[in-house]
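1. Got a sequence here, can you model it:
(2 chains)
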Amino acid sequence: MKKAEKKNKEEFKSPYTIIGAITKGNVITKLSLLIMGLGNIAHKQIVKGLMYLAVEISWLVYMIQYGFYSLSMLPSLGWREQQKVWNKEKSIFEYEAGDQSNLILLFGVATLFVTAMFIIVWRDAVKSSYKAELLAKEGSHINTFKEDFKSLFNQNLHKLLLGAPIMGVLVFTILPLIYNITMAFTNYSKLNDKMVLFDWVGIDNFKKILNIRDGIGGQFYSVLGWTLIWAVFATVLNYIFGMILAIVINRKETKAKGFWRFCFVLSIAVPQFVSLLIMRSMLQPTGIVNTLLLKYGIIDTALPFFSSPMWARVTVIVINIWVGIPYTLLQVTGILQNIPAELYEAAKIDGANTVQIFFKITLPYMLFVMTPYLITQFTGNINNFNVIFLLSGGNPTGVGDTAGSTDLLVTWLYKLTVDKSYYNLGAVIGIMTFIVLAIVSLITYRNTASYKDEEGFM
Amino acid sequence: MSNTAIRAGKARKTVKNIFVHVILAILAFIWVLPIFWVVVTSFRGEKGSYVTTFLPKTYTFNNYIKLFTDTSILNFPRMFMNTLIIAIFVCIISTVFVLSVSYCMSRMRFKMRKPFMNIAMILGLFPSFMSMISVYYILKALNLVEGGMIRIALIIVFSAGSGVGFYVAKGFFDTIPKSLDEAAIIDGATRWQIFTRITIPLSKPIIVYTILTSFMAPWIDFIFAKVICRADAKYYTVSIGLWKMLEKEYIDSWYTCFAAGAVVVSIPIAILFMITQKYYVEGMSGAVKG
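-> Okay, the predicted model is just below:
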């Protein structure tokens, strides 16, 4: 991994660096550190230079109008409370708006974000000035604006194509994530009535969550435990049953392979939220399953599919198999057909039986190819919001006032934020989920054959 | 080997085969049953969610008619139109984003390529719901969560981040021989020309797949729409509508309509799925092979 990174760095090494510009650049290049685009303008890249300058000016205007204020408010997150003021002319009390910490936090983070973007453009501008200077010294050709523009359709196509998608990801995925992570270090919560004005509290929330004797902490460990159990069972059972099913359907002797596959695939053709809602309504105490079982006298009282903790946990795992196996089936079928036939022939000549062939050839091959898939499945299951939320809604409640016994970390996160408005605790849970996932996927990935021995089966 | 032994072996094989097929039949029955149940329920004449027989006593079309004409409480036609409008825009934006990013990741070599791929992987490890809360506040700060702007907000939510989901399409692009690009470069083609004239025409399967999956996203998603719309029923998408129909206050009068709605939503998605199934498997196994 390290080697690859180093190689990546060397591959794109460029002589036009910031340090070079500062130490070896001429006066104009050095001035470009302050006035962006100056070097470009001096070397007749007028449009490019003006564009850099425009970026700098708009950043300055933004900072003066909003930015510096936002940043100055960030350490305190505001202190003015909403106040009643007596209006003499109208003879009424008027409310004077106070500070809203959550907006201050949002604009503060956004300002930092904009500034970070600006620094990236600034680096680019300085490098570009330095490059123009060096090229002019060598007497080489300096690209005109037209040529720069044309390069966007050729060697710099990635800049053109990636621009909008990366902006989208930055503004609507990464910025919100950072904003949310910062919430974990505040007391933004309904719990102590800090919904409008709140403060930084450092790592207090983490201490609270990790402290097993605290109410929330106790719930955290039990939810974490169940999340891991759920993810392991959901992933492994789906994999095993899906593989067995695929192998059985793909046997030479099995008739009507297409028909069987169709039957199983039918259930994923229905959107997941529909099939899960159907399952939930079928398994209610007065749902069709219980009604029929009662009617034919197989049971005396309704089965507590979602009302007894143990039942609910088993039920969600079983239903997840129902939802998930078709996907595994499709995957495995594709891969089974890829296993080189010579391997099987050789094994047969050596006198291996079906079981031996499975454990010596099929399984290792599948594990090799499918480990990344398994890891994604595992992480997907830890974050499997839909199955739990739509089936049991985390119920039945059992592990404290905020979490139910089938709640995963994600559904708990949902409850803490949307239902309870404990934004800070929700953010901590989100970070914890990330840490668990990162650790698990790192360890499993590093220990798999596909990482250690990349060429093994190729 | 003697004749009897062969015959015994054959008989054992036949028994085994019958056994396998019986098991398959039972499993297939279990898998198909809930789907069958919904379809049957959508034609059920009796009202309410409580029934004592698996098959309805009377059959009717009224559930479908009510679904599309009774707009006083839960306005299904409007939800349907909302979802359709959103889906069309999301489809266009996401497809452009996904194809652009995956082409760059597969074919271009630049400094930010590896970091971008690593970041995309790390982003996938955060619960997607986590950024949702903040996205709501950002949209609120931009005045996009009131009235008609909700639609725009939903379009942004479903399409803005789509650039990180490039793995399947990248896997596909990787399978197009590089020698084609090299030959085109020798002939004086620009990268843009290679992208639009060679790669895109050769990638019909993955384009179809991308278009269909991004079109489906707003139909399938439930939780993001719920968080953005909050209580503004005017802008609900079909998934929230169907979920509402199963809530306590509506379930008795809307249960059979829920089944009808589920069928209405499922049919197009099922068809799309049947079409894309092949590309799905190809794309995924390609991506897994790295």
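2. any idea what sits nearest A:Phe118, other than its immediate chain neighbours?
-> A:Trp59 (4.7 Å; C-beta to C-beta, 6 or more residues apart in numbering or on different chains). Any C-beta I mention is one placed from the backbone N, CA and C, and that applies to glycine too.
3. how far is the helix or strand hosting that neighbour from where the chain is centred?
-> Assigned by DSSP states H and E, A:Trp59 belongs to helix A:46-62. Its chain's C-alpha centre and that of helix A:46-62 lie 34 Å apart, by C-alpha atoms, centre = their mean, to the nearest Å.
4. next one: stretch A:221-236
-> Using C-alpha atoms, centre = their mean, the offset of stretch A:221-236 from its chain centre is 19 Å.
5. which residues touch that stretch?
-> The contact list for stretch A:221-236 (C-beta atoms under 8 Å, 6 or more residues apart in numbering or on different chains) reads A:212, A:313, A:316-317, A:320-321, A:324, A:374, A:377-378, A:381-382, A:384, A:399-400, A:403, A:405-409, A:412, A:432, A:436.
6. any idea how far the closest residue to A:Lys30 other than its chain neighbours lies from A:Arg123?
-> If the residues on either side of it in the chain are set aside, A:Lys30 comes closest to A:Ile22, at 7.1 Å by C-beta to C-beta, 6+ apart. A:Ile22 sits 12 Å away from A:Arg123, going by C-beta to C-beta, to the nearest Å.
7. can you tell me the average pLDDT over the helix or strand harbouring A:Gln337?
-> Using DSSP H and E, A:Gln337 maps to helix A:309-338. On average, the pLDDT along helix A:309-338 is 86.
8. With stretch B:23-38 instead?
-> So the average pLDDT for stretch B:23-38 ends up being 90.
9. mind showing which ranges of chain A have poor pLDDT?
-> Low-confidence segments of chain A (pLDDT under 70): A:1-11, A:398-400, A:448-458.
10. any chance you could map the strands in chain A?
-> A:83-87, A:92-96 (DSSP state E).
11. Quick one: distance of the last one to the chain centre.
-> In this case it means strand A:92-96. Using C-alpha atoms, centre = their mean, the offset of strand A:92-96 from its chain centre is 44 Å.
12. try stretch A:316-333
-> 23 Å.
13. do stretch A:182-199 as well
-> 24 Å.
14. What of stretch A:66-83?
-> 30 Å.
15. Over to stretch A:343-354?
-> 44 Å.
16. buried set for it?
-> A:Ala347, A:Ala352 (16 or more other C-beta atoms under 10 Å in any protein chain shown).
17. Show me the contact partners of that stretch.
-> Here stretch A:343-354 has contacts from A:Gln356, A:Ile357, A:Lys360, A:Ile361, A:Tyr365, using C-beta under 8 Å, 6+ apart.
18. ends of it, how far apart?
-> 13 Å (C-alpha to C-alpha, to the nearest Å).
19. Please apply the same query to stretch A:194-214.
-> 20 Å.
20. B:Phe19 is in contact with A:Thr254, correct?
-> No. Using C-beta atoms under 8 Å, A:Thr254 is not in contact with B:Phe19, being 11.6 Å away.
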